[in-house]
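Undergrad: The sequence isn't on hand, but the structure is:
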């Protein structure tokens, strides 16, 4: 007997790759995932380096801008100082000129002392020489300050341009990192799919092996002429409204290609169609059983002195549970295509004294 733990529907075994093919796909997916991880790590490092370089460039640009601002302030101050010196010396020169004119007039009138006139003339000349020197120095200071401000502006502009370029590179590196992260996520998802496919391929291979060995429960030698077990008197109700698509008897298995006993009768019906108990009895088990897929066994006790059991296979759902007493025609499950199956159908079996027999002989 099987447990009552149900398994999820599997894809038809014909769509599942071989274990060898699944293993090759799994190894390729693992290699792609490893490569994507390495690329993401490299992109992460480049993005961090570019981000740091951009931060450094912005710091340099800010410092250069501050120096340029100070240089412009110094240039403005130098220009103001030069202008102030020019105005001050202009007033002194005007005053000296006025005094010199008065002195010249006194000399012409013969009133002033010639020595005093000479002394005053020399003083005026010295004043003019000092004035020229101060103005020249002020002009030079102004020119130097203006030149320094111009150079500082140039450095600041270059630093700002470098910072902008570094920021753009950092943004590109970040975008590349995002792409690498997305590629890693896609590779991880693909790897998980290949792992699931590999596991499914192994399950399918196991089910094929179980299907090949299924005759152990009731198959006979191909050349045997032994009569089948008693078939009863045709008192069972049909378990499905579908038509018979594959009868009981020897055949080539559609999945394995092995010539063997088909131990029941297949009723073609859409997945989800109702499955009914063929005769009153007790549900022995509901669960997933290898090639049978989701399977129900019902024990009917003795009928005409024979121990009779029916099974309902490849179901998509259960509507009964172990230990439940059912009557003929009670809904017990739904048609499906679980296990080793090529499509939606009910595989119905009748076992008499533990051996398979033709279900159609029992159906009314």
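TA: Thanks, I have the structure now. What you are looking at is a predicted structure, and each value in this text was computed from that prediction instead of being measured.

Undergrad: Might you report the residue contacts of residue 184?
TA: Residues counted as contacts of residue 184 (C-beta atoms under 8 Å, 6 or more residues apart in numbering) are 33, 36-37, 39-40. Where C-beta positions appear, they are placed from N, C-alpha and C, glycine not excepted.

Undergrad: now, among those, which is nearest to residue 338?
TA: Distances from residue 338 to the contacts of residue 184, taken as C-beta to C-beta, are shortest for residue 33 (31.2 Å).

Undergrad: rewinding a little: which of the contacts of residue 184 count as buried?
TA: Buried by 16 or more other C-beta atoms under 10 Å: 33, 36, 39-40, out of the contacts of residue 184.

Undergrad: I'd guessed residue 75 sits against residue 143; true?
TA: No: the criterion here is C-beta atoms under 8 Å, and residue 75 misses it with residue 143 at 9.5 Å.

Undergrad: Who has more neighbours out of those two?
TA: Ranked by neighbour count (other C-beta atoms under 10 Å), residue 75 and residue 143 place residue 75 first, with 21 against 14.

Undergrad: Need the contact partners of stretch 174-181.
TA: In contact with stretch 174-181 (C-beta under 8 Å, 6+ apart) are residues 36, 39-40, 42-44, 46-47, 50-51.

Undergrad: TSV please, covering these and showing distance to residue 313 and secondary structure.
TA: Compiled in TSV, the contacts of stretch 174-181 are given as follows (distance: C-beta to C-beta, whole Å; DSSP: H, G, I helix; E, B strand; the rest coil):
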residue	distance to residue 313	secondary structure
36	43	helix
39	49	helix
40	48	helix
42	54	helix
43	53	helix
44	53	helix
46	58	helix
47	57	helix
50	62	helix
51	62	helix
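
Undergrad: Buried ones among those residues?
TA: Buried among those by 16+ other C-beta under 10 Å: 36, 39-40, 43, 46-47, 50-51.

Undergrad: from those, which single one is nearest residue 274?
TA: Using C-beta to C-beta, the buried ones among the contacts of stretch 174-181 come closest to residue 274 at residue 36, 48.7 Å.

Undergrad: what's near enough to touch that closest one?
TA: 180, 183-184, 186-188.

Undergrad: Please apply the same query to residue 328.
TA: Applying C-beta under 8 Å, 6+ apart, we find residue 328 in contact with 236-237, 276-280.

Undergrad: now do residue 151
TA: Residues near residue 151 by C-beta under 8 Å, 6+ apart: residue 71.

Undergrad: so where do the helices sit in the stretch 51-200 of the chain?
TA: 114-213 (DSSP state H, counting those that start in this stretch).

Undergrad: show me where pLDDT drops low in it?
TA: 78, 82, 86, 89-90, 92-132, 134, 138, 141-142, 149 (pLDDT under 70).

Undergrad: cutoff 50 now
TA: 102-111 (pLDDT under 50).

Undergrad: hmm, back to that, which one of the buried ones among the contacts of stretch 174-181 sits closest to residue 249?
TA: After measuring these against residue 249 - C-beta to C-beta - the closest member comes out as residue 36, at 53.8 Å.

Undergrad: With residue 360 as the reference, measure out to the closest one.
TA: To residue 360, residue 36 is 58 Å away according to C-beta to C-beta, to the nearest Å.

Undergrad: and if you look at residue 342?
TA: For residue 342, the distance to residue 360 - C-beta to C-beta - is 21 Å.

Undergrad: the more surrounded of these two?
TA: Shown here are residue 342 and residue 360; by other C-beta under 10 Å, residue 360 has more neighbours (17 against 13).

Undergrad: tell me the pLDDT at the closest residue to that one other than its chain neighbours?
TA: Distances taken as C-beta to C-beta, 6 or more residues apart in numbering put residue 265 closest to residue 360, at 5.9 Å, once the chain neighbours are dropped. Residue 265 is assigned a predicted lDDT (pLDDT) of 93.

Undergrad: How about residue 291?
TA: 86.

Undergrad: That one in helix, strand or coil?
TA: In the three-state summary, residue 291 is assigned as helix, counting by DSSP: H, G, I helix; E, B strand; the rest coil.

Undergrad: from memory it sits against residue 339, does it?
TA: Yes: in terms of C-beta under 8 Å, residue 291 counts as a neighbour of residue 339; the distance is 5.0 Å.

Undergrad: Mind telling me what element residue 346 is part of?
TA: Remark: residue 346 resides in strand 345-352, with elements defined by DSSP states H and E.

Undergrad: The helix or strand just after that strand pairs with which strands, and in what direction?
TA: As assigned by DSSP H and E, the chain's next helix or strand after strand 345-352 is strand 355-357. Paired strands of strand 355-357, with direction, are strand 345-352 (antiparallel) (DSSP bridges).

Undergrad: Domain parsing of the chain, as residue ranges.
TA: What automatic domain parsing lists as the domains of the chain is 13-210, 233-361.

Undergrad: ranking the ones you listed by burial, who's on top?
TA: Across these, the average number of neighbours (mean count of other C-beta atoms under 10 Å) peaks for domain 233-361, which reaches a mean of 19.

Undergrad: List the contacts of residue 65.
TA: 156, 159-160.

Undergrad: mind running it again at 10 Å?
TA: Taking C-beta atoms under 10 Å, 6 or more residues apart in numbering as the criterion, residue 65 is in contact with 152-153, 155-157, 159-160.

Undergrad: among these, which two are most distant?
TA: Those two in these that are separated most widely, counting by C-beta to C-beta, are 152 and 160, at 12.4 Å.
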